[in-house]
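Enquirer: Turn this into a model:
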Amino acid sequence: MAEITTMLAVVGMGTSVAGGIAGQQASKEAAAKAQEAANFNAKIIERDVNLLENQRTILNANQVISNKRKRMLFRKVQGDVVANYSYGGIDIAQGTPMKVLRENARELEYELTVDKMNNYIANMQINDAQTDARLTAELTRMEGGAAAGALRARGTQSLISGFGSAARFGYATLGGSYTNPTGTG
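Expert: Residues are numbered from 1 along each chain as shown. Here you go, the predicted model:
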């Protein structure tokens with residue numbers, strides 16, 4: 001009978017240790033998956049940084065094209081003004097024709113300045129969105145690391161608990177009585 005009790009105690013202790021080891025292994029695997037998921041999510045978020053940079057390139061190219069078109073249209077309008085006044089025999093070096101030409105030039109400068117300011121603001125917004133995306137990606141990785149750490153700690157706790165249970169079971173079964181000093185379990 002003593003041999004059966006001893007064998008059951010050893011099996012019980014082994015089961016407790018095996019359960020702790022299995023719990024630790026499961027926690028390690030879950031931690032790895034949590035970190036992998038966080039890294040994947042961070043890569044998706046960082047993809048937005050590249051998309052925003054592409055958006056900036058398009059925005060800046062559009063401004064260059066827009067400015068070229070406005071200057072081309074300005075030259076055409078100025079040429080029409082000169083041609084119309086000259087055709088009528090009016091001296092374009094002074095008076096109303098010169099006033100019209102200057103007004104057109106001021107309007108062009110105003111439009112180019114507004115475009116430049118709008119482009120600057122759009123670029124600032126892109127910079128802000130890129131910074132936000134980078135920080136979000138970093139935070140996602142950190143959250144994944146924290147979750148992975150918590151899962152690994154839970155695995156270590158399971159392993160320690162398994163060894164503790166095995167020791168209590170072995171002591172109680174094989175060698176005496178066990179009193180938990182904390183009063184729990």
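
Enquirer: quick one: low-confidence ranges for the chain?
Expert: Residues of the chain that meet the criterion pLDDT under 70 lie in 1-2, 4-12, 174-185.

Enquirer: Centre-most residue in it?
Expert: residue 137 (2.6 Å; CA atoms, centre = their mean).

Enquirer: Give me the distance between it and residue 123.
Expert: Between residue 137 and residue 123 the distance, using CB to CB, to the nearest Å, works out to 21 Å. (Glycine included, C-beta is placed from N, CA and C.)

Enquirer: likewise residue 87?
Expert: In this structure, residue 87 and residue 123 are 45 Å apart, going by CB to CB.

Enquirer: And residue 134, by the same measure?
Expert: Taking CB to CB, one finds residue 134 at 16 Å from residue 123.

Enquirer: could you show me where the helices are in this structure, in order?
Expert: Counting by DSSP state H, the chain has these helices, from start to end: 2-87, 96-170.

Enquirer: Go ahead and confirm residue 31 touches residue 148.
Expert: Yes: the pair residue 31 / residue 148 is scored as a contact, 3.8 Å apart, by CB atoms under 8 Å.

Enquirer: Tell me which of residue 87 and residue 123 has more neighbours.
Expert: Each of residue 87 and residue 123 has its neighbours counted (other CB atoms under 10 Å); residue 123 has more, 15 against 8.

Enquirer: Most distant residue from the centre of this structure?
Expert: Counting by CA atoms, centre = their mean, the extreme residue of the chain relative to its mean C-alpha position is residue 89, 67.0 Å from that point.

Enquirer: Could you check how far that residue is from residue 140?
Expert: In this structure, residue 89 and residue 140 are separated by 74 Å, where distance is defined by CB to CB.

Enquirer: Kindly report the same for residue 86.
Expert: Counting by CB to CB, the gap from residue 86 to residue 140 is 68 Å.

Enquirer: Repeat that for residue 100.
Expert: Counting by CB to CB, the gap between residue 100 and residue 140 amounts to 59 Å.

Enquirer: Which of these two has more residues huddled nearby?
Expert: Shown here are residue 100 and residue 140; by other CB under 10 Å, residue 140 has more neighbours (20 against 17).

Enquirer: So the more buried one sits against residue 41, correct?
Expert: Yes: with contacts counted by CB under 8 Å, residue 140 reaches residue 41, the gap being 4.9 Å.

Enquirer: Could I get the contacting residues of the spatially closest residue to residue 151 that is not a sequence neighbour?
Expert: The shortest distance from residue 151 to any residue other than its chain neighbours is 3.9 Å, reached at residue 31 (CB to CB, 6 or more residues apart in numbering). With contacts taken as CB atoms under 8 Å, 6 or more residues apart in numbering, residue 31 has the following neighbours: 147, 148, 149, 151, 152, 155.
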